[in-house]
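Enquirer: take this sequence and fold it.
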Amino acid sequence: MGMLQEFREFAVKGNAMDLAVGVIIGAAFGKIVDSIVADLIMPLVGKVVGNLDFSNLFFVLGDNPDNLTTLAELKKAGISVFAYGNFLTILVNFIILAFIIFMMVKQMNRLRKEEAAPAPAEPPPTPEDVVLLREIRDALKR
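Expert: Have a look, this model is predicted:
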């Protein structure tokens, strides 16, 4: 079998296709969560803690001769910064995404348990030789 044929069989197997679909949906879902965090949650958190913009929380680690004040200007000038505000935003993003994935997996496991729960099966019939031995035993007891 040629390599092209082997690759074709691999590519059309269910697991490879499921993985591809999962990665594509995951990427799209990640963008939705990014938007929820950046556009909805972090502005509310910033408002609660005093009109704070988390994207501009940083420490300047190097010299700042031009007294630049925004993170974008400092990065453009090549000055080292410790941008912990951006990290906080990404951390909140991760926590939300991890919680949503946890809830989805929990729901899938619950559904699988319901599907896998077999109906109580009737015990198999007693083999004929056992039935005959029981009859003999019962006859001897009389």
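
Enquirer: and residue 51, what pLDDT?
Expert: As predicted, residue 51 sits at a pLDDT of 68.

Enquirer: show me the shaky parts of this structure.
Expert: Applying pLDDT under 70 to the chain flags residues 1, 14, 51, 116-117, 119.

Enquirer: in it, what residue spans correspond to helices?
Expert: For the chain, applying DSSP state H gives helices covering 3-12, 14-35, 42-48, 71-76, 84-116, 128-141.

Enquirer: for residue 62, find the nearest of those.
Expert: Closest of those to residue 62 is helix 71-76, at 8.8 Å (criterion: C-beta to C-beta). Where you see a C-beta, it was placed from the backbone N, CA and C, and this is true even at glycine.

Enquirer: name the residues that touch the closest one?
Expert: 55-56, 58, 60, 64, 68, 81, 83, 85-86 (C-beta atoms under 8 Å, 6 or more residues apart in numbering).

Enquirer: check which residues of it are buried.
Expert: 71, 74 (16 or more other C-beta atoms under 10 Å).

Enquirer: and that helix, how far from the chain's centre?
Expert: 33 Å (C-alpha atoms, centre = their mean, to the nearest Å).

Enquirer: buried among the contacts of helix 71-76? Need that as a selection in PyMOL.
Expert: Provided next is the PyMOL selection string for whichever of the contacts of helix 71-76 are buried by 16+ other C-beta under 10 Å:
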select buried, resi 55+58+68+81+83+85
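
Enquirer: any chance of the contacts of helix 71-76 in JSON lines, plus distance to residue 125?
Expert: Shown next, in JSON lines, are the contacts of helix 71-76 (distance: C-beta to C-beta, whole Å):
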{"residue": "55", "distance to residue 125": "73"}
{"residue": "56", "distance to residue 125": "77"}
{"residue": "58", "distance to residue 125": "77"}
{"residue": "60", "distance to residue 125": "83"}
{"residue": "64", "distance to residue 125": "88"}
{"residue": "68", "distance to residue 125": "86"}
{"residue": "81", "distance to residue 125": "78"}
{"residue": "83", "distance to residue 125": "73"}
{"residue": "85", "distance to residue 125": "72"}
{"residue": "86", "distance to residue 125": "70"}
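
Enquirer: brilliant, that's me finished.
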